[in-house]
Structure formats: structure tokens, C-alpha cells
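Asker: Predicted coordinates and the sequence they were generated for:
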2 protein chains.
Amino acid sequence: MPETSPETVPGTTALIAGGGALPAHLARAMEAAGIPFLIAQIEGFAMDEADRWPVETFALERLAVLFDLLHGRGVTRVVLAGTIRRPRLDPERIDPRTAQLLPRILPYLAQGDDGLLRAVIALFEDDGFAVVGADAVAPDLLPAPGVLTGVAPSKADEKDAARAAAIVEGLGAVDVGQGAVVAQGLCLAVETLPGTDAMLAFVAEAAAGCRPDPKGARGVVYKAPKPRQDRRVDLPAIGPATIEAAHRAGLAGIVLEAGGVMVLDRPETVARAEALGVFLWVREP
Amino acid sequence: MPETSPETVPGTTALIAGGGALPAHLARAMEAAGIPFLIAQIEGFAMDEADRWPVETFALERLAVLFDLLHGRGVTRVVLAGTIRRPRLDPERIDPRTAQLLPRILPYLAQGDDGLLRAVIALFEDDGFAVVGADAVAPDLLPAPGVLTGVAPSKADEKDAARAAAIVEGLGAVDVGQGAVVAQGLCLAVETLPGTDAMLAFVAEAAAGCRPDPKGARGVVYKAPKPRQDRRVDLPAIGPATIEAAHRAGLAGIVLEAGGVMVLDRPETVARAEALGVFLWVREP
């Protein structure tokens, strides 16, 4: 019998990677923790630092082939990470077995994210994989409750955070967004498909004159998962660029729902917040 | 006894004017319908075409004085119209009787619009005035259900309109916004304090690449009152500029909740829509 290689050890974790920074964060975390893993990059998307690890690429039209490959490599659990702008499917590339799977996700393609992600998770689970969240392989990404910066929220900021939290909670009922900006009790922006940075750029450009008291509370951006979303996928994340965008939007601080929002590059993120005088508050819901 | 002048005829309507185009529309409509009226402009705001009629200006800090003036002029009903960005109050200018009234609205200043407007309406009603909506004096502002343009919505546009209507309905629960943009089932933007034009500019700038199928449905902007708002005040309105903003945002059309959204300059609004190939649909909820 051949020696057991790391690739075939039962218990390998597959990182199913979309685009952006998160997949590399998780790969580094698993590397550091000694967790055996492989990376499967979804074709058409590009994770950062892809050249640091061996990466398999697969087409969504051939999902059943990926399942076979993962089983063959001893994968027992998967983590889905990274951004996936709704992909288009090329009908001619769909293999027969994947053709059996796709009808289960097609009805969700034109709806909100939640249904689609739930359906994708179910496909993996039905094929025998455990689906875990990013925090299962990189718990440090979810900071404990508390204020992470020297600057702390004021009483007015606390009220704005509570109002923003209620708004994001309400938006969840219609499967829209994972964030909102509130200043002096007024909703300046709601996060939609273009994302957090676009929302903050909107506040910088269009909402500067909307605060009733120009010398009053500058407002907060609140980030949370959608209340009904599956927290194993698509948890919101912030990083140093979010701090800078919040600062450009003239906001006093960033508020994260405790346990529900990942902080990437935490040392650098906190350092940027301190440098710009923006507070970063992990708030218990 | 002096002859009864038009100013003292019981049954005069007072137009309480904020800023913008709506007050002048209502004044013209009342003029055309032969309804006796006077205009009370809220200090700090400027209605369009203010020089066409005699206009009284009053400070919010002296609301009780306005009430006396209105009673003295035979006013029995009032209509509130025009934009009011949250005004600041100068405590030193508040007269003693208004000081008795203001505590009833102060708790609402830092909350959503609905509570504040309800409280203001209650102040007028408690002083003996009937408060009516703009449509009571200018019914033509609310078009009947139907498609007002030669261009009509497609099946995909109808689905986008239904999803947008559900989103605006859901936002009402948290007292945010009177509009949303949906394309191919996806929410591209939600209206917040900066208003419809700012939302459409956001879509033009930030959401152009968010439609999964570049050749698919271009999406719609949906406008409706907040589901729980008092329809006598702050009904949403569109006009020719809205058509142009929707066109710049790459949208197929504009959908209005029937009976809930005013169309200003209807001939010109419809003409702009026809010229730009944007449909205008008054949709039954």
C-alpha cells in the first residue's frame, strides 16, 4: 500500500473560493493551524494570492465533477468563501450529472442571496460534505464584543447604532443588504448589491448635507449578517479599506454585530481606525 | 359692518409651504379651481414661484402666532406641501404659547419622518383646522392606474416591479424611504434621506455592472408612500427630472404605486418619458 499522502488524509477541508481577499485569509489560517486543506477556485473569479497555494479550478457547469474530485482527495468538509457576483452559466458546458443538480439552484438565481446560498449548501451536504463557516477554520476573524479602538462611541453614536441595527434587521425581511448608515437618528444609506464601499461613497457624496445639526453626531455605519441568512456563508467582512471609506463618509465609527462580521487584517484595520480617529465597536445585538 | 373680503371668507385653505416645486403646483391648482387660499411659507425654506402670490412667512418657533393669523383670516383647512429638511429651532425665538406646543414634536425630531409629521398634523387639528392632502386640492396630481407611455413594461419589468414593491413595503416597517431600484430581481438601491435623484445617481455610478445579464432586463425604479405614513403629507412625487435620472441610471421604466405618488408637470413628464423610451406605469398595489 502506498504511504498516505496529505492529499488523501480523511478530514481534508476544501476551500471553495470566489474572488477577493477572504479565501487567502482562510488558507493562511488553516496553514497556521495545521488543518489539511485544498483550494477549489470557481472559474471566472480570482482569489487574492492564488499563487501561494496549489489551486484547482472548476466550472460551476461541472459541479458534479468537482464533487468526485473532492471525494477522491479525502475531503469531508467544505468552506465557501469569497465574493461571487452572480455567475452566468453556459448550457453547453453542463455535464449530465450537474444537469441533475442545477435545477435545484436555478429558481434562486433571480432572487435574493439567501435562497441561492442555502440551495448551494444543500447540494454539498446532499453529496456528503459538511459545510462549515469561515469562523470554524479561522475563529480569530470574529472579534469578541467590545470597543477595539481607543476612540469610543458617544451616547449619540450608541443611539444611532441601535437605530441602524433595527433598520438592518428590518431589511432582512426582504433579503436586502447587510448594512446601513445612520446619523442623528436619520437613515442616510442602506447597503444594496454594490456593497459597503459603494454605500459609504454614496454617503460621502450625496448625504454630507443631510445631518440636521452640522456640529452634532456624525453617524455610524452598522454591519451585520442578514437576520435570516445561513451564517456559514456570506458573513459580512470589513478591513482597512472600510475604515478609510467610513472616514471619507464623515462618520464617527463602525459598529459590527458581535459574532456576525469578520474583521480582516485586524492589526492593520485597528491601526487605521486609531490613526483616523474612527471607533470600531463590536456590539452585542 | 365692513364688506366681507375674500381673505376673511370662512373656508379659506392655507397652503403651509416648505421648499421646492409642489407648493406652486398646488397654488396654481387652487387658483384654477377657484378655491380661496393663502400661502404660509415656513421661514428658512423657499417655494418655487413665490412671487406669483402674496406669501406670509412664519417661523416654526412662532407656530402659535401662525395659528392665530390663520384663524383671523378665516382658514378652516390646511394642506402641508413641499420639502422640509429637518429645521433647527432657535430657542430664544420661541414664544410662550408655541413653547407649550413644541414638546409634542420634539421627541420626533430625531426619529423617522412619520412620527414627526403625525405630530405636526395633530397640532393643527387640535387647534381646529382640517388637514387635507395635496390630492384634495389638486386631484389631477394622482394619475389613475395604467401605463402612461407608449413604451410598456415587459414581463421581466413586471417581476422587478413586484419585487421592488415588496422591498418598499418591508422598508416601511423601519420608516426608511419611499423607493427602490430592482433589476433582474436584484435590489440595486434603496431610497434614503438624500432622495430619489440621489438614489438614481447612485445606480448610474455604482450599480452599472451589477446586472447579472448585461443584455437582460434593465430594471425599474419603484416609488410608493411608506406603508404606514399619513397620506395627507409627504406623498412622494416625480417629474421630468425623475425621468431623466432614471434614464441615466439605465433603467427601463418608472413604476408608481397607484393613488400614492404625485406626477408633477404631467404633460412634460410623459413627453420626456416618450422621448427617452422610458415607460411610466401607475401600478395597482
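Answerer: On my side now, so go ahead. Residues are numbered from 1 along each chain as shown, chains lettered A, B, ... in the order given.
Asker: Now for residue A:231, how many residues are close by?
Answerer: In terms of burial, residue A:231 registers 13 neighbours under the definition other C-beta atoms under 10 Å in any protein chain shown. C-beta: built from backbone N, CA, C; applies to glycine.
Asker: Now do the same contact list for it.
Answerer: The neighbourhood of residue A:231, defined by C-beta atoms under 8 Å, 6 or more residues apart in numbering or on different chains, consists of A:133, A:225, A:260.
Asker: what would those residues look like in TSV with neighbour count, distance to residue A:22 and pLDDT?
Answerer: Conversion of these to TSV gives the following (neighbours: other C-beta atoms under 10 Å in any protein chain shown; distance: C-beta to C-beta, whole Å; pLDDT from 0 to 100):
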residue	neighbour count	distance to residue A:22	pLDDT
A:133	20	12	92
A:225	19	14	92
A:260	20	15	93
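Asker: Please produce JSON lines containing those, extended by distance to residue A:233 and secondary structure.
Answerer: Rendered in JSON lines, the data for the contacts of residue A:231 read as follows (distance: C-beta to C-beta, whole Å; DSSP: H, G, I helix; E, B strand; the rest coil):
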{"residue": "A:133", "distance to residue A:233": "7", "secondary structure": "coil"}
{"residue": "A:225", "distance to residue A:233": "10", "secondary structure": "coil"}
{"residue": "A:260", "distance to residue A:233": "13", "secondary structure": "coil"}
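Asker: how much space between residue A:58 and residue A:64?
Answerer: In this structure, residue A:58 and residue A:64 are separated by 10 Å, where distance is defined by C-beta to C-beta, to the nearest Å.
Asker: let me redo that: residue A:228
Answerer: Noted for residue A:228: a distance of 29 Å to residue A:64, by C-beta to C-beta.
Asker: Check residue A:253 too.
Answerer: Residue A:253 sits 47 Å away from residue A:64 when distances are taken as C-beta to C-beta.
Asker: returning to what we had before: so which of the contacts of residue A:231 would you say is closest to chain B?
Answerer: The closest of the contacts of residue A:231 to chain B turns out to be residue A:225 (C-beta to the nearest C-beta; 16.5 Å).
Asker: contacting residues around the closest one?
Answerer: A:178, A:231, A:234, A:235, A:236, A:257, A:260, A:261.
Asker: Output the below-cut-off pLDDT ranges for the stretch 51-200 of chain A.
Answerer: Flagging of the stretch 51-200 of chain A using pLDDT under 70 yields the residue ranges A:86-87, A:109-114.
Asker: which residues in it form strands?
Answerer: Chain-ordered strands for the stretch 51-200 of chain A, with DSSP state E, counting those that start in this stretch as the definition, fall at A:55-58, A:75-81, A:130-132, A:146-147, A:179-183, A:186-190.
Asker: end-to-end on stretch A:49-68?
Answerer: End-to-end distance for stretch A:49-68: 26 Å, by C-alpha to C-alpha, to the nearest Å.
Asker: hmm, back to that, of the contacts of residue A:231, closest to residue B:190?
Answerer: If you rank the contacts of residue A:231 by distance to residue B:190 using C-beta to C-beta, residue A:225 comes first, at 17.8 Å.
Asker: Quick check: residues of the stretch 101-250 of chain A near chain B?
Answerer: Within the stretch 101-250 of chain A, the residues that sit near chain B (C-beta under 8 Å from any C-beta of the partner chain) are A:109-112, A:159, A:166-167, A:169-171, A:173-174, A:176-177, A:184-190, A:192-194, A:198, A:201-202, A:206-207, A:210, A:212-213.
Asker: What number of residues are in the vicinity of residue A:214?
Answerer: Other residues within reach of residue A:214, judged by other C-beta under 10 Å, total 9.
Asker: can I get the strands of the stretch 51-200 of chain A in TSV with mean neighbour count?
Answerer: Output for those, formatted as TSV (neighbours: other C-beta atoms under 10 Å in any protein chain shown):
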stretch	mean neighbour count
strand A:55-58	15
strand A:75-81	23
strand A:130-132	16
strand A:146-147	13
strand A:179-183	29
strand A:186-190	28
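Asker: that older thread, compare residue A:228 and residue A:64 (neighbour count), which wins?
Answerer: Set residue A:228 next to residue A:64 and count neighbours by other C-beta under 10 Å: residue A:64 wins out with 19 against 11.
Asker: so that one touches residue A:102, yeah?
Answerer: No: under the criterion of C-beta atoms under 8 Å, residue A:64 lies out of contact with residue A:102, with a separation of 9.6 Å.
Asker: Count the residues that sit near the nearest residue to residue A:128 once chain neighbours are set aside.
Answerer: If you skip the residues right next to it in sequence, residue A:128 has residue A:71 as its closest partner in space, 7.3 Å away by C-beta to C-beta, 6 or more residues apart in numbering or on different chains. Here the count is done by other C-beta under 10 Å, and residue A:71 has 13 residues near it.
Asker: and the gap between residue A:71 and residue A:127?
Answerer: Here the distance between residue A:71 and residue A:127 works out to 8 Å (C-beta to C-beta).
Asker: So what's the residue count around the closest residue to residue A:50 other than its chain neighbours?
Answerer: Closest residue to residue A:50 in three dimensions, ignoring its sequence neighbours and counting by C-beta to C-beta, 6+ apart: residue A:41, at 6.6 Å. Counted with other C-beta under 10 Å, residues neighbouring residue A:41 total 21.
Asker: So residue A:193 sits against residue B:184, correct?
Answerer: No: applying C-beta under 8 Å, one finds residue A:193 not in contact with residue B:184, separated by 10.3 Å.
Asker: Same drill for the two, tell me which one is more crowded.
Answerer: Between residue A:193 and residue B:184, counting by other C-beta under 10 Å, residue A:193 is the more crowded of the two (24 against 20).
Asker: mind listing what that one touches?
Answerer: Contact partners of residue A:193, counting by C-beta under 8 Å, 6+ apart, are B:186, B:187, B:188, B:207, B:210.
Asker: pLDDT at residue A:3, what is it?
Answerer: At residue A:3 the predicted local distance difference test score is 41.
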